[in-house]
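**Student:** build me a model:
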Amino acid sequence: MMDLSIIIPVGKREDDFKLIKQIKEKFKGCEIILVIDEDNQLFKQAKMEVDQLSFLSHSSRAKALNAGVRLSTRNHLWFLHLDSNIENISSADLMELSEFELATFLLQFDQANCWWIAAGANFRTKAFGIPFGDQSFLMSKKLFNFIGPFNERLLEGEDHEFIWRTKSLNIKLNVINKNIITSAKKYLNQKIAQTLKTLSKTLVQAIKFRKKKKSIVVATFLKDPSSKESKSRLRNELDDEFVNHLNEKFLNITNQNLNQLNLKEDIHFVKVCKRSDEASLNSLSPIHQGTFLNQDQALSLMMSEVSQLALKTIGKVALLGSDIPTLNADDLNQALSNKLANKSLFFATADGGFCFMLSKDQNVVQCLSKINSSTSSVMQTLKSCLGSVDVFEKIYTDVDVSLDLKKAYEQLQLNETHLTDAQKDLLIFLRANEKSFI
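**Tutor:** All right, here's what the predicted structure looks like:
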């Protein structure tokens, strides 16, 4: 079985499904996903069998591609257009793809007299690193989620905008030296006029979509406030409804801190969460552009893997917990301005762990995988593994049990005149519910 989901959007008037048969013959065992505009009546006549099938109302290519990712069950994704011909591509071309790269193919049209148009597209791809969707995109699902979904606000140019985002994240483009064949239908009888139109649109979109290079990934570990897995130990001691509201207050503090960071345009915000929590967190914490999905891994492995993604692409990573009531944006801004003479900086917690990490050290990937997050020796293990690290002067309290909540409550009261709005809101809530946890 190929560990590959092939995602194909189908517009309302598309009716040629030869590509599906071609995929089944050439790439046995892959998962074929069609996402079809519900107004397309031609697919039903074709009686085509695929692994996953979805119909969308008011579909666009971006919506269809994102829907296909949500349906996918494999670890690698191949975004294809329905009018593609993949006769030149073999299974070997899809093997050993790096999970940190986006791969694409060279373009060829099905009309020989359009060779010069394809040559221009291939020059654009090789010289400027800007392939378009008809050349197809190949990547790991992990990398796609890290980048973030196709922009569904766009009716066209979603592929171009997506590529500019990958460039801003310093993601390497792997141009596979094989031709993918596409229809020249729109160029028939108007080659020069259509080429000039395409070139003009490309330039306009490049100006619109061009993005500043990101300099850091901030990955925040989040859970749905109402999830039974969110503060499970605290739920063993306190009322569920109280814990749900408490979690919402913690999330509000985290959101306010992130929104008050300096130079946000330099940051790629990633939420680390379970798939079951992703939809609710998209609305509860909308600042995040990318996602790292927790597949029931240990916390240490999640921290290691998201750090590896960030360091292999942008080169600097920050990990942030979301249950630290006394943490504020001033502390985070001070940390993010650190030059990292020792390559890594930590905010330690009273239980021997940490609630924030900033690093540009590749060794942190291996060191994070070694820690046991349920022990009080996390920082000790990291210091021993990494050697010299910086530790922020403050010690924070992360709230896991009611005793932690009492300590955090005392700290908020002592520092009441300097609290942020979200922290003041939490303090008011705790005062009104003292009997619930004291």
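**Student:** pLDDT score for M1?
**Tutor:** Per-residue confidence (pLDDT) for M1: 63.
**Student:** what of K44?
**Tutor:** The per-residue pLDDT reported for K44 equals 69.
**Student:** which strand runs longest in this protein?
**Tutor:** strand 172-182 (DSSP state E).
**Student:** what sits up against it?
**Tutor:** For strand 172-182, the surrounding residues in contact (C-beta atoms under 8 Å, 6 or more residues apart in numbering) are 81, 83-89, 93, 97-98, 100-110, 125-126, 129, 131, 134-136, 138, 166. To be clear about C-beta, it is placed using only N, CA and C from the backbone, and glycine gets the same treatment.
**Student:** can you tell me the SS state at the residue found closest to S72 once you drop the neighbours it is linked to in the chain?
**Tutor:** Take S72 and drop its neighbours on the chain: the residue closest to it by C-beta to C-beta, 6 or more residues apart in numbering is S5, 3.6 Å away. The three-state assignment at S5 reads strand, by DSSP: H, G, I helix; E, B strand; the rest coil.
**Student:** so which of the contacts of strand 172-182 sit within strands?
**Tutor:** If you go by DSSP E, these have E101, L102, A103, T104, F105, L106, L107, Q108, F109, L138 in strands.
**Student:** could you report the neighbour count for the second one?
**Tutor:** Applying the criterion other C-beta atoms under 10 Å, we find 25 residues in the vicinity of L102.
**Student:** repeat for the fifth one
**Tutor:** The number of residues packed around F105, counting by other C-beta under 10 Å, is 25.
**Student:** helices along the stretch 151-300 of the chain, start to end?
**Tutor:** 158-168, 191-209, 232-235, 240-259, 275-284, 299-313 (DSSP state H, counting those that start in this stretch).
**Student:** in JSON lines: the ones you listed, plus mean neighbour count and mean pLDDT.
**Tutor:** Formatted as JSON lines, these follow (neighbours: other C-beta atoms under 10 Å; pLDDT from 0 to 100):
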{"stretch": "helix 158-168", "mean neighbour count": "21", "mean pLDDT": "96"}
{"stretch": "helix 191-209", "mean neighbour count": "13", "mean pLDDT": "85"}
{"stretch": "helix 232-235", "mean neighbour count": "15", "mean pLDDT": "93"}
{"stretch": "helix 240-259", "mean neighbour count": "19", "mean pLDDT": "96"}
{"stretch": "helix 275-284", "mean neighbour count": "15", "mean pLDDT": "93"}
{"stretch": "helix 299-313", "mean neighbour count": "21", "mean pLDDT": "95"}
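**Student:** let me see the ranges of the helices in the stretch 301-438 of the chain.
**Tutor:** Under DSSP H, counting those that start in this stretch, the stretch 301-438 of the chain gives helices at 329-336, 363-370, 378-386, 402-414, 421-432, 434-437.
**Student:** right, and the helices of the stretch 151-300 of the chain - which one's nearest L414?
**Tutor:** helix 240-259 (16.8 Å; C-beta to C-beta).
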